[in-house]
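Novice: coordinates for the following, if possible.
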Amino acid sequence: MRQIIGAAAFMAIALTAAPAAAQDYPYCLQGRQWGYPGNCQFTSYSQCQATASGTDAYCGLNPRFAYGWQPQRRHPHQG
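Specialist: Numbers count the residues shown, from 1 in each chain. Presented below is the predicted three-dimensional model:
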């Protein structure tokens, strides 16, 4: 009986859990240890620099944030 209740609880949790949403922040910690684009969890450049301080890492722009999808400009109707 415990196994059935445990399996039912597991299924309820597994089916209702929402997937984690990825967040693209503007700055990435980059370097040999991090690769490219790196550890992209920084909202400000100074925050990234503080984390990189004392290491061989550096901060750069997150390419997914900088060159991601941008809304198209609407052209006025000429007719």
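Novice: so where's this protein uncertain?
Specialist: Low-confidence segments of the chain (pLDDT under 70): 2, 4-22, 69-72, 75, 77, 79.
Novice: helices of that one, residue ranges please.
Specialist: Secondary structure of the chain (DSSP state H): helices at 2-16, 45-52, 63-66.
Novice: how many neighbours does the residue nearest to residue 59 when sequence neighbours are not counted have?
Specialist: In space, and not counting its chain neighbours, residue 59 is closest to residue 48: 3.8 Å by CB to CB, 6 or more residues apart in numbering. The C-beta positions use only the backbone N, C-alpha and C, and glycine is treated the same way. If you count neighbours by other CB atoms under 10 Å, residue 48 ends up with 26.
Novice: surely residue 39 touches residue 25?
Specialist: No. Under the criterion of CB atoms under 8 Å, residue 39 is not in contact with residue 25, lying 9.7 Å apart.
Novice: between these two, who's got more neighbours?
Specialist: Using other CB under 10 Å, the more surrounded residue of residue 39 and residue 25 is residue 39, with 20 against 16.
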